[in-house]
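Student: pasting the structure only:
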């Protein structure tokens, strides 16, 4: 499916009125003067975005790429600052070697670019277009057709079979290679600016968790307590999350990735919370379980095992240690306590930029068995050791952490202990 005419590539700065931004340039590591629009809606400094551009360009050079197509919404936000829940429609950034990116964006959505992004060059995708054909057309206009080596994101949700076949069919002299790891590796190590935003998300989680604890009492339903948690998140400036809070009362606590429910807490019961918050799409998360009345001995032992697993991981994690070693240290605690069969999940996963359907970055790197890439300063993880016993309980405790020069630090300030109300 071909376009009848070339799709216009235009400058945001030349096609907007009554907006506040400053067209400027910043020098990239290659010496290229990168055009940017700078405004107070950007969550990070221009220098931070240039740093990301340089990381991507260096990885492209290592793979000998003439261009990279960025398709995942998390990757687009990371690279440009652009945000929209409308990522269900086609968005693509073409990043040429040592050149200015071109953002292919749905016409309905393009006015989000001067609100959120630094990128200046846009090509519109209309609702009646075949979007991959627009990408072909723009690649041709940029001189990226004919014996060019193009990186694509084969392992993301959004790069479809149809898109790949369209590129192969219409640009047969090009070579298309899987370059998914470029953006994943770039996002793996967080800057000081990114970590500062994640600390803000962690503070929101702490507020919501405390509010949930305060609302926990015999007779309260999972739905009622969940409403308190959500209200606290949003009234304090939280944004929509990659996943909802998981707030479960009593035996429903055993159900993974469920929330709320009309069942009510009994006099002697347990309440499970796993809550995330988002600022500028950067996430922090926290899991806690509290008890009402007199908890069963098994519940308390499971809680202590999960707390011990977190503490073993915190003591183990530092640069140079492998995720396999961290997972093994934590799992040894739950195994020794007799809960090994109920601790089924990985120790943790990378956390940072997120959109539904996930609040994590586990596709980038996880704290799990047989993951042998060494941990590095600036990596961030959510670690949720959790014991699930069907129709009896779900009990877990977690921390969101950042790997530091000599160990790791929590992002949350809430206590990590067995709480009985």
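Tutor: That came through fine. Keep in mind the model is a prediction, meaning the values are calculated, not measured.
Student: every contact and neighbour count from this point should use C-alpha atoms.
Tutor: Will do.
Student: which parts of this structure are helices?
Tutor: For the chain, the helices defined by DSSP state H occupy 46-62, 73-80, 113-116, 131-141, 161-170, 180-188, 192-215, 222-235, 297-316, 323-336.
Student: mean pLDDT lowest where, among those?
Tutor: Ranked by mean pLDDT, the helices of the chain bottom out at helix 113-116, with a mean of 89.
Student: residues contacting the nearest residue to residue 55 once chain neighbours are set aside?
Tutor: In space, and not counting its chain neighbours, residue 55 is closest to residue 186: 6.5 Å by C-alpha to C-alpha, 6 or more residues apart in numbering. Applying C-alpha atoms under 8 Å, 6 or more residues apart in numbering to residue 186 gives the contacts 52, 55, 56.
Student: so for residue 106, which of the helices of the chain sits nearest?
Tutor: Among those, the nearest to residue 106 by C-alpha to C-alpha is helix 131-141 (9.0 Å).
Student: and the helices of the chain as JSON lines, adding distance to residue 288?
Tutor: Converted to JSON lines, the helices of the chain look like this (distance: least, C-alpha to C-alpha, whole Å):
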{"stretch": "helix 46-62", "distance to residue 288": "34"}
{"stretch": "helix 73-80", "distance to residue 288": "27"}
{"stretch": "helix 113-116", "distance to residue 288": "34"}
{"stretch": "helix 131-141", "distance to residue 288": "44"}
{"stretch": "helix 161-170", "distance to residue 288": "41"}
{"stretch": "helix 180-188", "distance to residue 288": "26"}
{"stretch": "helix 192-215", "distance to residue 288": "8"}
{"stretch": "helix 222-235", "distance to residue 288": "13"}
{"stretch": "helix 297-316", "distance to residue 288": "9"}
{"stretch": "helix 323-336", "distance to residue 288": "16"}
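Student: residue 269 is nearest to which of those helices?
Tutor: When the helices of the chain are compared for distance to residue 269 using C-alpha to C-alpha, the nearest one is helix 297-316, at 9.7 Å.
Student: what helices or strands is the closest one leaning on?
Tutor: In terms of contacts (3 or more C-alpha pairs under 8 Å, 6 or more residues apart in numbering; DSSP states H and E), helix 297-316 is packed against helix 323-336, strand 386-389, strand 393-396.
Student: pull out the buried positions in it.
Tutor: Of the residues in helix 297-316, 299-314, 316 count as buried by neighbour count, 16 or more other C-alpha atoms under 10 Å.
Student: give me the residues contacting that helix.
Tutor: Surrounding helix 297-316, the residues in contact under the criterion C-alpha under 8 Å, 6+ apart are 289, 325-327, 329-334, 337, 339, 383-387, 393, 395-399, 407-408, 416-418.
Student: just the buried ones from those residues, in ChimeraX syntax?
Tutor: To isolate the buried members of the contacts of helix 297-316 in ChimeraX, using 16+ other C-alpha under 10 Å:
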select :289,325,326,327,329,330,331,332,333,334,339,383,384,385,386,387,393,395,396,397,398,399,407,408,416,418
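Student: measure residue 202 to residue 276 for me?
Tutor: Separation of residue 202 from residue 276 (C-alpha to C-alpha, to the nearest Å) stands at 8 Å.
Student: shared neighbours, these two?
Tutor: With C-alpha under 8 Å, 6+ apart as the test, residue 202 and residue 276 both reach 283, 284, 285.
Student: for those residues, give me a markdown table that also has neighbour count.
Tutor: Listed next are the shared contacts of residue 202 and residue 276 as a markdown table, based on neighbours: other C-alpha atoms under 10 Å:
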| residue | neighbour count |
| --- | --- |
| 283 | 29 |
| 284 | 34 |
| 285 | 30 |
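Student: now the residues you listed in CSV, with pLDDT and distance to residue 243?
Tutor: Listed next are these as CSV, based on pLDDT from 0 to 100; distance: C-alpha to C-alpha, whole Å:
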residue, pLDDT, distance to residue 243
283, 98, 10
284, 98, 12
285, 98, 10
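Student: name the residues of stretch 92-112 that are buried.
Tutor: By 16+ other C-alpha under 10 Å, the buried positions in stretch 92-112 come out as 92-106, 109-110.
Student: that'll do, ta.
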